[in-house]
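Student: What follows is a predicted protein model with its sequence.
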Amino acid sequence: MGRKVTVLGAGAWGTAFGQVLADAGNTVTMWAMEPEIVEGIRDHHHNGVRLPSVEKLPDAMTATGDRAEAVKDAEIVVVAIAAQFARVALTEFKGLIPENAIVVSLMKGIERKTNKRMDEVVRETLDLPADRFAAISGPNLSKEIADRHPAATVVACEDIENAKKVAETCTTSYFKAFVTTDVIGLEMCGSLKNVTALAVGMARGAGYGENTAAMIETRGLAELTALGAAAGADPKTFAGLAGVGDLIATCGSPLSRNYTFGSNLGKGMSVEEATKVSNGVAEGVPTTDAVVALGDQLGVPTPLAYQMSRVLNEGISCSEMLSGLFGREVTAE
Ligand SMILES: NC(=O)C1=CN([C@@H]2O[C@H](COP(=O)(O)OP(=O)(O)OC[C@H]3O[C@@H](n4cnc5c(N)ncnc54)[C@H](OP(=O)(O)O)[C@@H]3O)[C@@H](O)[C@H]2O)C=CC1
Ligand SMILES: O=C(CO)COP(=O)(O)O
């Protein structure tokens, strides 16, 4: 039997995931700030602002701009808001979310001022126990999933039964969800791969080929695995869908906003210009500095994030970024 699920944030991924949930047999209420998006989904089953490629969203999806109405009786509340705004947006929902509801984050970012992961931000803001928080992450480019191309993801929750409940709730014939208890690993994979995708996109935009892309992806994976392990993640998570899988999808597709943002930098745009033409949030941009700070905090070198932070803050070129990546001394891989 389907559940009552609410999605906070009707961006590209929030809306596509809402469609997955409706396809899985649930009743889905989207909450959005913008009246135009609310009206579009509620009255026309269409999100022309954030997911115009889907002509008609399922009948089981509706929308509201009223916070209390949105989460009333929800068994699962999914959060799909740009990571840097999660805290401010969720504060308004504190006290409104039903006591037994599981809160699920789709977000892939680290909060800039605090260097906190989204599990920390969501739980802190909503005063939520660990067993009622789940994260979803994997190779999930929203447009492909909105087109119902076969895909898989990972649901993480410290309480494996709740992870299974969430996985069951979002399983369809084209969308498969695996489960894990490694919340930290999942969070670190999702947010850190965006920094790598910015760098790969930049190299591609600058005209470099497969060797350069493979080098950045592999070193990026080593960096995010080391940082994740130091933060308490299970290194195995990084070899799975949420790690390598998402890295392959995000670093290889112009559908990724992070890849595209990087590619535009590589073609010579400034950060301001690339931001202006970005088709949605590129989480890797604010996350990069947070990754460098986390690395300093945990005593883990983050050369790729450091060079990308120089790209974003000082405007160094792609070749400077790449030559700064490795020192001249010989080291073990
Ligand atoms: N797109 C994808 O393929 C995937 C995205 N993700 C992650 O999901 C998250 C959301 O991404 P996506 O939906 O694609 O992003 P979009 O850029 O399409 O949408 C961002 C969302 O955040 C909302 N938002 C921004 N600021 C605020 C605020 N102050 N208060 C409330 N809501 C706010 C926007 O609301 P509004 O529209 O009203 O401005 C919108 O719903 C990101 O962390 C992303 O990394 C994860 C997997 C896949
Ligand atoms: O996380 C994603 C795919 O899994 C989406 O990547 P972007 O946020 O770069 O579009």
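Tutor: Here it is on my side, so go on. Ligands and ions are numbered 1, 2, ... in the order given.
Student: Identify the residue nearest the residue nearest the centre of the chain in space, chain neighbours excluded?
Tutor: With distances taken as Cα atoms, centre = their mean, the residue of the chain nearest its centroid is residue 108 (2.6 Å). Leaving aside its sequence neighbours, residue 108 sits nearest to residue 190 (Cβ to Cβ, 6 or more residues apart in numbering; 3.7 Å). C-betas here are computed from N, CA, C, even on glycine.
Student: thinking again about what came up before, helix or strand: which one has the residue nearest to the centre of the chain?
Tutor: Under the assignment given by DSSP states H and E, residue 108 is not contained in any helix or strand.
Student: My guess is residue 262 contacts residue 194. True?
Tutor: No: Residue 262 is not in contact with residue 194 according to Cβ atoms under 8 Å; the separation is 9.7 Å.
Student: Residues that sit against both of those two, list them.
Tutor: residue 284 (Cβ atoms under 8 Å, 6 or more residues apart in numbering).
Student: my guess is the residue nearest to the centre of the chain contacts residue 138, does it?
Tutor: No: under the criterion of Cβ under 8 Å, residue 108 is not in contact with residue 138, lying 10.2 Å apart.
Student: The residue nearest to residue 108 touches residue 243, doesn't it?
Tutor: No: at 9.2 Å, residue 190 and residue 243 do not qualify as touching, with contact defined as Cβ under 8 Å.
Student: In terms of neighbours, single out the busier of those two.
Tutor: residue 190 (32 against 29; other Cβ atoms under 10 Å).
Student: The more buried one and residue 288, how far apart?
Tutor: Using Cβ to Cβ, to the nearest Å, residue 190 is found at 14 Å from residue 288.
Student: Residue 176 now?
Tutor: 31 Å.
Student: Please identify which of those two sits among more neighbours.
Tutor: The neighbour comparison of residue 176 against residue 288 (other Cβ under 10 Å) goes to residue 288, with 28 against 16.
Student: show me the contacts for that one.
Tutor: Listed by Cβ under 8 Å, 6+ apart, the contact set of residue 288 reads 195, 198, 305, 308, 309, 312.
Student: Quick check: end-to-end length of stretch 2-14?
Tutor: Stretch 2-14 has its terminal residues 19 Å apart, counting by Cα to Cα, to the nearest Å.
Student: Also stretch 87-103?
Tutor: Taking Cα to Cα, the first and last residues of stretch 87-103 lie 14 Å apart.
Student: How about it and ligand 1, any contact?
Tutor: Yes: judged by Cβ under 6 Å from any ligand atom, stretch 87-103 and ligand 1 are in contact via 88, 89.
Student: One more: stretch 280-300?
Tutor: Yes: counting by Cβ under 6 Å from any ligand atom, contacts between stretch 280-300 and ligand 1 involve 280, 281, 283.
Student: Out of the contacts of residue 288, which is nearest to ligand 2?
Tutor: The closest of these to ligand 2 turns out to be residue 198 (Cβ to the nearest ligand atom; 8.6 Å).
Student: where does that closest one land on pLDDT?
Tutor: Listed pLDDT for residue 198 reads 98.
Student: Repeat that for the one 4 residues further on.
Tutor: Reading off the per-residue confidence, residue 202 sits at a pLDDT of 98.
Student: Now it: which helix or strand?
Tutor: Secondary structure assignment for residue 202, by DSSP H and E: helix 183-205.
Student: how far is that helix from where the chain is centred?
Tutor: Computed by Cα atoms, centre = their mean, to the nearest Å, the chain-centroid distance of helix 183-205 equals 10 Å.
Student: hmm, that helix in reach of ligand 1?
Tutor: No: Helix 183-205 is not in contact with ligand 1 by Cβ under 6 Å from any ligand atom; minimum separation 6.8 Å.
Student: Can you name the element that comes right after that helix?
Tutor: Helices and strands here follow DSSP H and E; after helix 183-205, the next one along the chain is helix 210-231.
Student: buried ones in the very next helix or strand once past that following helix?
Tutor: Counting by DSSP H and E, the next helix or strand C-terminal to helix 210-231 is helix 246-251. In terms of neighbour count (16 or more other Cβ atoms under 10 Å), helix 246-251 has its buried residues at 246, 247, 249, 250, 251.
Student: which bits of the stretch 101-250 of the chain sit near ligand 2?
Tutor: Residues of the stretch 101-250 of the chain lying close to ligand 2 (Cβ under 6 Å from any ligand atom) are 108, 139, 140, 141, 194, 197, 246, 249, 250.
Student: For the fifth one, which non-adjacent residue is spatially closest?
Tutor: Looking back up the chat, that one is residue 194. Excluding its sequence neighbours, the residue lying closest to residue 194 (Cβ to Cβ, 6+ apart) is residue 284, at 3.2 Å.
Student: That neighbour - how many residues pack around it?
Tutor: Using other Cβ under 10 Å, residue 284 has 31 neighbouring residues.
Student: That one: what's it in contact with?
Tutor: 194, 195, 197, 198, 258, 261, 262, 308.
Student: show me the contacts for residue 216.
Tutor: Each residue near residue 216 by Cβ under 8 Å, 6+ apart is listed here: 196, 199, 200, 203, 251, 304, 322.
Student: same question, residue 267
Tutor: Residues near residue 267 by Cβ under 8 Å, 6+ apart: 205, 206.
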